[in-house]
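Asks: A structural model of the following input is requested.
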Amino acid sequence: MYYRLLLGSKSPRRRELLAGLNFDFTPVDIETDECYPSYLSGRDIPLYLARAKARAYCDKLQDGDVLITSDTIVWCNNQVLGKPVDYADAVQMLQMLSGSTHEVFTGVCITRALIDERTGEIETEQTHAFVDATKVTFRTLEIAEIDYYIHHYAPYDKAGAYGIQEWIGYIGVEKIEGSFYNVMGFPIERVYLALKQIGF
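Replies: You can find the predicted model right below:
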């Protein structure tokens with residue numbers, strides 16, 4: 001059967017990583033409220049958000065569509081570090097990460113749409129939903145290094161105010177346990193295996 005692969009993400013990093021698998025895919029924008037219930041914590045948060053993004057787009061899916069949605073959080077000292085709102089916020093986040101170990105959680109949801117032969121209507125099925133976890137340890141960063149990184153790389157679109165594939169990752173990351181690509185926001189190894197299972 002022919003499948004049309006859709007990536008529900010505006011992230012250039014996720015688009016780049018999926019393109020690296022040499023699958024043809026179409027990026028789609030999904031507008032949804034990224035709030036989550038207050039009782040959720042850690043790995044449950046990005047999985048909830050990935051599923052919420054899928055639900056927000058389900059009524060647009062056509063027969064044979066396969067939609068990938070995902071969300072990534074940085075989890076440090078039992079709290080979420082989202083995208084920094086300004087310079088001071090970015091500094092505060094990087095100072096929290098400095099000299100410590102934190103976790104990066106990415107939730108991924110893969111949804112397939114098929115026509116129900118009895119009703120002729122589109123039915124959707126979440127074929128895979130999972131969370132990938134990576135531990136990242138930073139050495140103690142100097143304030144001058146934090147300032148340099150923020151001014152030159154403006155990490156305001158990145159959870160935790162950093163991109164591991166950028167300068168701060170080169171000079172600051174001492175150890176990583178788990179998928180490097182998960183820290184970039186997309187555990188592409190597990191996405192590949194999930195897509196293989198449904199026929200890509």
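Asks: alpha carbons only for contacts and neighbour counts from here, please
Replies: Noted.
Asks: now the element after the helix or strand containing Arg112, going C-ward?
Replies: Assessed by DSSP states H and E, Arg112 sits inside strand 101-115. Per DSSP H and E, strand 101-115 leads on to strand 122-138 as the next helix or strand towards the C-terminus.
Asks: in the chain, where is pLDDT below threshold?
Replies: Residue ranges of the chain with pLDDT under 70: 1-2.
Asks: what's the strand holding Arg112 packed up against?
Replies: With contacts defined as 3 or more CA pairs under 8 Å, 6 or more residues apart in numbering; DSSP states H and E, the packing partners of strand 101-115 are helix 44-57, strand 65-76, strand 122-138, helix 180-184.
Asks: can I get that strand in CSV? Just the C-alpha atoms.
Replies: What follows is strand 101-115 as a C-alpha-only set of coordinates in CSV (Å, rounded to 0.1, in the frame of the first residue of the first chain):
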residue,chain,number,x,y,z
THR,A,101,23.2,16.2,34.8
HIS,A,102,19.7,16.7,33.3
GLU,A,103,17.4,14.5,31.1
VAL,A,104,16.0,15.2,27.7
PHE,A,105,12.6,13.5,27.0
THR,A,106,11.1,13.3,23.5
GLY,A,107,7.6,12.0,23.0
VAL,A,108,6.8,10.6,19.5
CYS,A,109,3.4,9.7,18.1
ILE,A,110,2.9,8.0,14.7
THR,A,111,-0.7,8.0,13.5
ARG,A,112,-2.0,6.2,10.4
ALA,A,113,-5.2,7.0,8.5
LEU,A,114,-7.1,4.4,6.5
ILE,A,115,-10.5,4.2,5.0
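Asks: quick one: it to strand 65-76, angle?
Replies: Orientation of strand 101-115 against strand 65-76 (axes from the mean of the first three to the mean of the last three CA atoms, to 10 degrees) gives an angle of 160 degrees.
Asks: tell me what angle strand 101-115 forms with strand 122-138.
Replies: Using the same axes, to 10 degrees, the inter-axis angle of strand 101-115 relative to strand 122-138 is 170 degrees.
Asks: and strand 101-115, which residues are buried?
Replies: Buried residues in strand 101-115, counted by 16 or more other CA atoms under 10 Å: 101-114.
Asks: stretch 24-43 now?
Replies: Neighbour count says stretch 24-43 has Phe25, Pro27, Ile30, Gly42, Arg43 buried, by 16+ other CA under 10 Å.
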